[in-house]
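Asks: With the input below, show me the fold.
(chains A, B, C and D)
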There are 4 protein chains.
Amino acid sequence: MIKLDFHPAGRHFLQIPGPSPVPDRILRAISYPTIDHRGPEFGALGLKVLAGIKKVFKTQHPVIIYPSSGTGAWEAALSNTLSSGDIVLMYETGHFATLWKKMAEKLGLKPEFLGSPGSDGWRHAVSAQRIEERLRADSGHAIKAVCVVHNETSTGVTSNIAAVRRAIDAANHPALLLVDTISGLASIDYRHDEWGVDVTVSGSQKGLMLPPGIGLNAVSPKAIEASKTAGLRRSFWDWTEIIEMNKTGYWPYTPNTNLLYGLSEALDMILDEGLENVFARHQRLAHACREAVRAWGLEIQCADTDAYSPVLTGVMTPENMDADVVRKTVYERFNMSLGTGLGKVKGRMFRIGHLGDCNDLTLMAALAGCEMGLRLSGVRLAASGVTAAMDYLVSPAGSSALKAVA
Amino acid sequence: MIKLDFHPAGRHFLQIPGPSPVPDRILRAISYPTIDHRGPEFGALGLKVLAGIKKVFKTQHPVIIYPSSGTGAWEAALSNTLSSGDIVLMYETGHFATLWKKMAEKLGLKPEFLGSPGSDGWRHAVSAQRIEERLRADSGHAIKAVCVVHNETSTGVTSNIAAVRRAIDAANHPALLLVDTISGLASIDYRHDEWGVDVTVSGSQKGLMLPPGIGLNAVSPKAIEASKTAGLRRSFWDWTEIIEMNKTGYWPYTPNTNLLYGLSEALDMILDEGLENVFARHQRLAHACREAVRAWGLEIQCADTDAYSPVLTGVMTPENMDADVVRKTVYERFNMSLGTGLGKVKGRMFRIGHLGDCNDLTLMAALAGCEMGLRLSGVRLAASGVTAAMDYLVSPAGSSALKAVA
Amino acid sequence: MIKLDFHPAGRHFLQIPGPSPVPDRILRAISYPTIDHRGPEFGALGLKVLAGIKKVFKTQHPVIIYPSSGTGAWEAALSNTLSSGDIVLMYETGHFATLWKKMAEKLGLKPEFLGSPGSDGWRHAVSAQRIEERLRADSGHAIKAVCVVHNETSTGVTSNIAAVRRAIDAANHPALLLVDTISGLASIDYRHDEWGVDVTVSGSQKGLMLPPGIGLNAVSPKAIEASKTAGLRRSFWDWTEIIEMNKTGYWPYTPNTNLLYGLSEALDMILDEGLENVFARHQRLAHACREAVRAWGLEIQCADTDAYSPVLTGVMTPENMDADVVRKTVYERFNMSLGTGLGKVKGRMFRIGHLGDCNDLTLMAALAGCEMGLRLSGVRLAASGVTAAMDYLVSPAGSSALKAVA
Amino acid sequence: MIKLDFHPAGRHFLQIPGPSPVPDRILRAISYPTIDHRGPEFGALGLKVLAGIKKVFKTQHPVIIYPSSGTGAWEAALSNTLSSGDIVLMYETGHFATLWKKMAEKLGLKPEFLGSPGSDGWRHAVSAQRIEERLRADSGHAIKAVCVVHNETSTGVTSNIAAVRRAIDAANHPALLLVDTISGLASIDYRHDEWGVDVTVSGSQKGLMLPPGIGLNAVSPKAIEASKTAGLRRSFWDWTEIIEMNKTGYWPYTPNTNLLYGLSEALDMILDEGLENVFARHQRLAHACREAVRAWGLEIQCADTDAYSPVLTGVMTPENMDADVVRKTVYERFNMSLGTGLGKVKGRMFRIGHLGDCNDLTLMAALAGCEMGLRLSGVRLAASGVTAAMDYLVSPAGSSALKAVA
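Replies: The predicted structure is shown next:
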């Protein structure tokens, strides 16, 4: 029998870009006794989490909470707003953008997949300009939605959603804007209403610091309107009844109560720290991480300097070095999990997560584990990245906990 | 701020027919630290729960574990095996059978809804004979699937699935057999393979004693075959890729790790006690509960004496007594949750859950709470049901823990 | 290997008079991460629990919190205030009073053991009159302390401490008054200051609803004064340094941090419910329990009707019935623990605890378990005690949650 | 109201030399429901932990488990074996040796306090030679016991207990040997029987990885014999009745059940890893820590190179630098607790704990926090200690997980 409750001496470092380490407070919260999802206590819980999650999306409109993965929330976004055969404009930022496109095909949509020139290596952000050009060319408005990934978890590239909004507006195009910020929410500034996003897709196991099991859709009035007339055949994902019942804090089918306990606790933690402070902390740690990568003499996966992700950093290994060998060494020798390269960059890079319940010393531990793992794997490092990260963290810029630093 | 971690002095009695009370062991298990769902420890966990859950379904074939509610598993069953416009034969046993039918309509299927004569009150089990008659009449095999609810949670009526199988065979009809045993699994004997079920639908928050958040499909080779050629547009629910990746213990998208910890623990508990012992315990407690209802002089919702549910008992209140008034009194005065009457029986009955982590004394507490709540609500009781239940439990029949008693 | 985390299906009913069932909230609280007992967070915790526990003792003076059992707190009370060879007047109410006397002997004190006439069966409360008579006779003031047990856990007899105070005053005697309310605190009204108690001894695992591991001394200025000049050799138990360091929320040696987390939570729960409400709830449940015992036709161990304990009820079995046989049946058949008869009443009675985190339905479960266990053991019962208890609980008196009822 | 369940974003690093970080597994274990300490399940638990703890002490003789702090276990050791006025030879290794001596005085013993020449700064281990000389001079055998601290928690100096044993034997002296290894047990090789120790004193919150609240005495037959004829007045600490009742797994008074759950889990963890592996891990991490201190150009508190502690490292700050200012900076800026200088070295040094549930990356995090905290406090460092520690850990010596390295 496997021993689930066993780990080697000392704490495991879960430094993948999600699931992020779940704080003890949240683990305790999800272990509260399950209650009647139709009873009065539940209604109070429901209203609390529904109100709190809106603040995190920066929206005044409904947010739907599904008992599902983020993948399910992708399907919910597509199936509520689009009809079979609809053309959707998607953008190849990396592995997850590609998976979302595959899902669109399976659901009977017709995705058109834009990509940056030379994007084979998945190193660039969404180009708002290319989207604008394509939409301008679509004079017949055949394109029903633009779908982009805000923070591409497979690479560590963050795209500018406000710019995409401006591109759609500049093209004077009626397409809906659908955004995946599964790994960005509660880690990177995100403004559902201000940026005019129609459906934002997210999940629980990243910046919200929860275990996986919750999928999220923030929806605009325009998206709700679209769902009334269009939409693929759907029942489980259908917004209508959920939005209606959510008004009193309940759900039409059994919600995953214990994860909602965790969400309630997570919202308390995030809003107590302050959303802007959370964002600044992520920026600061990400900056320190990149200082380390540069000092090692390795390349950062993200090639656009204004698109570095505050959530994770993709590290490219030298030509002759399989990144998964490094990851294995780090796992076995230092009890730390790093993210693997996915899809077409498998073996070429690894990913360091620095999101959610992360602070200076967990990052330092992660960087020390990477540095030692790289050395033990035979990678020649230019200098100590750990030292470089510390230099930044004790510098005036790095000491500043409350201001975003690039 | 609401206090989620607060309850009045003493333990709450969650006596609804699911979510059932989650044992401390399982609550602790779901609070294990979340791990990398692509790491080696996870694969071992995945293989363990996938093997264990097959034993509970009594199947040699794949079981799919979704991060969803049971409702989601309904949708998965329909969308993997049926095509738009397909006629499905469903059977009105109660509220949940009705909801499943509505879902079929939303997904573009054409359900035909059989019901028992005089079934307005939802007091009868599935009639295998009526199904057989209808299938015999369908000489052109327009009906693609027969969908029945094994244990109707809204009423406490358990149908005979083996008989439905025999009916289909007797009619020599190729329809698939889809069964919902969301509230029956791990509480009532269930034999997916032996009974020739094609898709069995279930969930986590009933006999498996977990919080809600897991949906289940057990699938036959015939169902898998059907999914290759037919099927509604689907992605999240699609069996193919999940079954493939499950072979090594992984999932194509992020599974809800912490509930899988709980599932692992639940399987240990259930298989340690022994499935047949678990079933016998449910039978014994259900029998005791019915003795109490009869002593009170109230009617049991289930009118077929061979269809009494071992999971819950529906109790009809006298004509002039709103059952929800009784429930409210019990909740406020005795800190116990009872199930409400759903749909067309709202206010006419309440439901006592006696499933999952239930034993003699939690049942006795529940019955005492009902008896006192009924009295305080002004219901004249013929005699003490608590005494009747004790009489049964100390009798030779009731003392027998290991043999099923009717 | 034993499986500590295993129990049979369904909840265990821990109905002994302590340790009482620890609420989930408190179990979660004691699982908070251990912190530095010299750091700033700890000081805030220390000050909070030290302030809160005074309210429970109803005292303005110091309360000392030991990492020990209640037995340790007995030794602390004796060793801080008395010197080798001192005569102390103790009173034989039962097993625990006897153990305290034996401890006094081991520590070199000279206990004189008063008892009620015919007290062989330990069925009576402390007689304040006999104490007064004895003190009047001690014109030379050789007696240095009067030691009594407030709630005798071995029998379910509660003595009148205010009356003992009046007796000492009436005799105009300078003896210190030392009281053990290990099983009474936070369940029965107790007034350290108003009753002029010099040292009150208590522990964590009864009305405070915590696991065992905390011993308590509430001390009067007179006791502190006595500790300066008299006292047995002591170091660990010495009040002086603890009281001094407690002023800032710290301890001279490592306190048991995680139980203090639990104490903090317990104080929140008790003070939120309201001390007087807690007391009334205990009175009401104890009354219901006695109604059951009387209906069974069995004798209550406590023979003084004005000394019934709100914490536990001692139940005498018929002459030919070994009480431990009943207990064993109840344990094995109904998964419930009852208290054994201790010392000279072993086998003659069992004890039902109804203290701490107890409510109407846990009591009803306990009474049902007793009733069925008695029947299965062959005891002929006059009538159903469960029914009698319910009759009381639904009566106007029993329904009144906020007023004490005798 | 203070928020006990709150910490800043990210994990707190508890790097004091005890309480050490309590692993999640153990925190979950101590949150198991409290059971009847006189019931059958408890006896199985008791026998298990009593057998397991003997392995950790490397003894065949009884180990007494007190619900107390380690301070209590000091008192137990002295009061069971010594009589009022007895002369005991103690050795000034640091703050805790000094506190034990003060306790001996309070209990009426006559301690004689040896110290190393120039030991004002508490930088040296016990000199077995000086003990031998003193015992040889005590031809009348007035000295009844030799009391030494194995691992002095206040300084990070580990003394050679085998050498002390040889010194007593060489002097042919009958004195008992009492050893405090509160912070050494389960972290440093310790051999109660082989080294002929009569009473070994320990506690729960160090190498055993538990919260504080358990005190331990391992006792030799000679010590038990001594306790029969000699001994201070005692009751709570008295070995006799505890040893007797422990034979069946029970205690004469209420043990602290929930910490025993934790002890059971800790023993599983330690014995699964293997005691010798645990010791080697501590040696390796301590070595890495000292490499860092040396690279910084700071002095290690322990001046005897063969007495470096595997449990903690004392770091002396430069003359003009208050060590507590560094600690405050580290606490506030990096969410890490370091040990303060105690007694006569207050402000002159800080202590880094690397014991219990510690691994390479938690150590690296701790060293990074120290290095950055020292820099922010204005201390000029010769070089990066973090780099030096990594150099060691990736070296062949440091990579060897299973062999002890000096």
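Asks: okay, CA-based contacts and neighbour counts for the rest of this
Replies: Noted.
Asks: what separates the longest helix along chain A from the chain centre, distance-wise?
Replies: Ordering each helix of chain A by length in residues (DSSP state H) puts helix A:275-296 first. Mean-position distance between helix A:275-296 and its chain equals 16 Å (CA atoms, centre = their mean, to the nearest Å).
Asks: Tell me the first helix or strand C-terminal of that helix.
Replies: As assigned by DSSP states H and E, the chain's next helix or strand after helix A:275-296 is strand A:299-300.
Asks: Run me through the strand neighbours of that following strand, direction for each.
Replies: Paired neighbours of strand A:299-300 in the sheet (DSSP bridges): strand A:312-316 (antiparallel).
Asks: could you give the mean pLDDT of the strand it pairs with?
Replies: In this model, strand A:312-316 has a mean pLDDT of 98.
Asks: What residues does residue A:107 make contact with?
Replies: By CA atoms under 8 Å, 6 or more residues apart in numbering or on different chains, the residues touching residue A:107 are A:79, A:84, B:233, B:234, B:235.
Asks: Next: residue A:138.
Replies: So residue A:138 contacts nothing (CA under 8 Å, 6+ apart).
Asks: one step back: could you flag which of the contacts of residue A:107 are buried?
Replies: A:79, A:84, B:233, B:234, B:235 (16 or more other CA atoms under 10 Å in any protein chain shown).
Asks: pLDDT-wise, what's the bottom of those?
Replies: Within those, pLDDT is lowest for residue B:233, at 92.
Asks: That residue should be in a helix, yeah?
Replies: No - secondary structure of residue B:233 (DSSP: H, G, I helix; E, B strand; the rest coil): coil, not part of a helix.
Asks: okay but it is in contact with residue A:108, surely?
Replies: Yes - using CA atoms under 8 Å, residue B:233 is in contact with residue A:108, at 6.8 Å.
Asks: intersection of neighbour lists for these two?
Replies: In contact with both residue B:233 and residue A:108: no residue, using CA under 8 Å, 6+ apart.
Asks: Quick one: neighbours of the closest residue to residue A:336 other than its chain neighbours, just the number.
Replies: Residue nearest to residue A:336 in three dimensions, not counting chain neighbours: residue A:13, with 4.5 Å by CA to CA, 6 or more residues apart in numbering or on different chains. Residues lying near residue A:13 (other CA atoms under 10 Å in any protein chain shown) number 22.
Asks: give me every residue that touches residue A:13.
Replies: Residue A:13 touches A:335, A:336, A:337, A:362, A:366, counting by CA under 8 Å, 6+ apart.
Asks: any idea which element the residue of chain A found nearest chain C lies in?
Replies: Across chain A, the shortest distance to chain C (CA to the nearest CA) belongs to residue A:28, at 6.7 Å. Per DSSP H and E: residue A:28 is located in helix A:24-29.
Asks: Quickly list the domain ranges of chain A.
Replies: A:13-20+A:274-399, A:24-271 (automatic domain parsing).
Asks: and stretch A:252-270 with chain B, contact?
Replies: Yes - using CA under 8 Å from any CA of the partner chain, stretch A:252-270 comes into contact with chain B via A:253, A:254, A:255, A:256, A:257, A:258, A:261.
Asks: Tell me if I'm right that the first one and residue B:71 touch.
Replies: Yes - Residue A:253 is within contact range of residue B:71, at 6.8 Å (criterion: CA under 8 Å).
Asks: Which one's more surrounded, these two?
Replies: residue B:71 (25 against 16).
Asks: For that one, what is the enclosing helix or strand?
Replies: helix B:70-81.
Asks: Report all helices and strands that that helix contacts.
Replies: Applying 3 or more CA pairs under 8 Å, 6 or more residues apart in numbering or on different chains; DSSP states H and E, one finds that helix B:70-81 makes contact with helix B:95-106, strand B:199-203, strand B:215-219, helix B:221-229.
Asks: Centre of the chain to that helix, how far?
Replies: Using CA atoms, centre = their mean, the offset of helix B:70-81 from its chain centre is 15 Å.
Asks: next structured bit after that helix?
Replies: Following helix B:70-81 in sequence, per DSSP H and E, is strand B:87-91.
Asks: Could you check the angle that next one makes with helix B:70-81?
Replies: 150 degrees (axes from the mean of the first three to the mean of the last three CA atoms, to 10 degrees).
Asks: contacting residues around strand B:87-91?
Replies: Outside strand B:87-91, the residues that reach it (CA under 8 Å, 6+ apart) are B:97, B:101, B:109-115, B:126, B:142-149.
Asks: buried subset of the residues you listed?
Replies: Buried among the contacts of strand B:87-91 (16+ other CA under 10 Å): B:97, B:101, B:109-111, B:114-115, B:126, B:143-149.
Asks: List the ones among those that fall in helices.
Replies: Those of the buried ones among the contacts of strand B:87-91 lying in helices (DSSP H): B:97, B:101.
Asks: which of the buried ones among the contacts of strand B:87-91 lies closest to residue D:62?
Replies: Of all the buried ones among the contacts of strand B:87-91, residue D:62 sits closest to residue B:149, with 61.3 Å by CA to CA.
Asks: That closest one bridge partners, please.
Replies: Under the criterion used (DSSP bridges), residue B:149 bridges to residue B:180.
Asks: got the residues of chain A near chain C?
Replies: So far as CA under 8 Å from any CA goes, chain A lies against chain C at A:24, A:28, A:32.
Asks: Quick one: neighbours of the last one, just the number.
Replies: As a burial measure, the neighbour count of residue A:32 was computed by other CA under 10 Å and equals 24.
Asks: related to what we said a few turns ago, include secondary structure and pLDDT when you put the residues of stretch A:252-270 next to chain B into CSV, please.
Replies: Converted to CSV, the residues of stretch A:252-270 next to chain B look like this (DSSP: H, G, I helix; E, B strand; the rest coil; pLDDT from 0 to 100):
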residue, secondary structure, pLDDT
A:253, coil, 95
A:254, coil, 97
A:255, coil, 97
A:256, coil, 97
A:257, helix, 98
A:258, helix, 98
A:261, helix, 97
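Asks: Serialize those to a markdown table and add fields for distance to residue B:229.
Replies: Shown next, in a markdown table, are the residues of stretch A:252-270 next to chain B (distance: CA to CA, whole Å):
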| residue | distance to residue B:229 |
| --- | --- |
| A:253 | 30 |
| A:254 | 32 |
| A:255 | 33 |
| A:256 | 33 |
| A:257 | 37 |
| A:258 | 38 |
| A:261 | 42 |
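Asks: Return only those of the residues you listed found close to chain D.
Replies: Of the residues of stretch A:252-270 next to chain B, not one also sits near chain D (CA under 8 Å from any CA).
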